[in-house]
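Asker: Provide a 3D model corresponding to the input given below.
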Amino acid sequence: MFVLGIDPGLSTTGYAVVARERRGIRPVAAGAIRTSSRDAIERRLEELHRDLIDLIAEHGPAEMAIERVFVNNNLQTATSVGRASGVILLAAAQAGLSVTEYTPTAIKLAVAGDGRADKAQVQKALVMRLGLDAAPSPADASDALAIALCHLQAFGLQRKIEAAG
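Answerer: Next up is the predicted model:
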């Protein structure tokens, strides 16, 4: 099963595709979709949508996991992330993907074992758990990988709970 993890943003949206295999979890792809602040907002959102549709078509994920938009002290940042998240959810719906949202605290807890872990701790946990030489770059790609890993863990736990019930 392939999962697409997304760290939403208007300027930079991180993405990671991971596969659950018999031997464990394997990273397939990671990177970032960038838009230029010089372009009009509608063009940036269109570009983000188009790039996500292409990414979904290329990797064929079964599900998408995304970081839940939270209230930010900077209203402009919160608004732009909210707009990007809407476009991301639209692309997922158009592709027929189910979407699960996770809070930053839940992602950090699932990956690093501490809901208050900093970025460096999360990246170190990703490297160790997935056998990577280094965490993906930029940081948005590492964040997306953490989101995808969180989802696979939650998905696996949910299946075990359902089987026991």
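
Asker: Tell me which stretches of this protein form helices.
Answerer: Per DSSP state H, the chain carries helices over the ranges 41-59, 75-94, 104-112, 119-130, 139-164.

Asker: Give me the neighbour count for R26.
Answerer: By other CB atoms under 10 Å, 13 other residues sit near R26. For every residue, glycine as well, the C-beta is placed using N, CA and C.

Asker: Might one say that it is in contact with A16?
Answerer: No: checked against CB atoms under 8 Å, the pair R26 and A16 is beyond contact range at 11.4 Å.

Asker: how about the lowest-mean-pLDDT helix or strand in the chain: buried residues?
Answerer: Sorting the helices and strands of the chain by mean pLDDT, DSSP states H and E puts helix 139-164 at the bottom, at a mean of 85. Buried residues in helix 139-164, counting neighbours by 16 or more other CB atoms under 10 Å, are found at 139-152, 155.

Asker: now the angle from it to helix 119-130?
Answerer: If you take axes from the mean of the first three to the mean of the last three CA atoms, to 10 degrees, helix 139-164 sits at 50 degrees to helix 119-130.

Asker: show me the contacts for V18.
Answerer: Contacts for V18 (CB atoms under 8 Å, 6 or more residues apart in numbering) come out as 2-3, 5, 25-28, 145, 148-149, 152.

Asker: can you tell me the average pLDDT over stretch 24-40?
Answerer: Taken as a whole, stretch 24-40 has a mean pLDDT of 96.

Asker: just for this structure, where's the confidence low?
Answerer: 71-72, 156-162, 165 (pLDDT under 70).

Asker: Turn the helices of the chain into a markdown table, columns for distance to V69.
Answerer: Below are those laid out as a markdown table (distance: least, CB to CB, whole Å):
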| stretch | distance to V69 |
| --- | --- |
| helix 41-59 | 15 |
| helix 75-94 | 5 |
| helix 104-112 | 10 |
| helix 119-130 | 18 |
| helix 139-164 | 13 |
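
Asker: Please identify which of the buried residues of helix 139-164 is nearest to A112.
Answerer: The shortest gap between A112 and any of these belongs to A146, at 8.2 Å (CB to CB).

Asker: Look up the closest residue to that closest one, ignoring the ones flanking it.
Answerer: Nearest residue to A146 in three dimensions, chain neighbours excluded: V111, at 4.7 Å (CB to CB, 6 or more residues apart in numbering).

Asker: And for the one you found, the neighbour number?
Answerer: Neighbour tally, V111, other CB under 10 Å: 26.

Asker: before we move on, what about I53?
Answerer: Neighbour count for I53, taken as other CB under 10 Å: 15.

Asker: With I33 instead?
Answerer: If you count neighbours by other CB under 10 Å, I33 ends up with 22.
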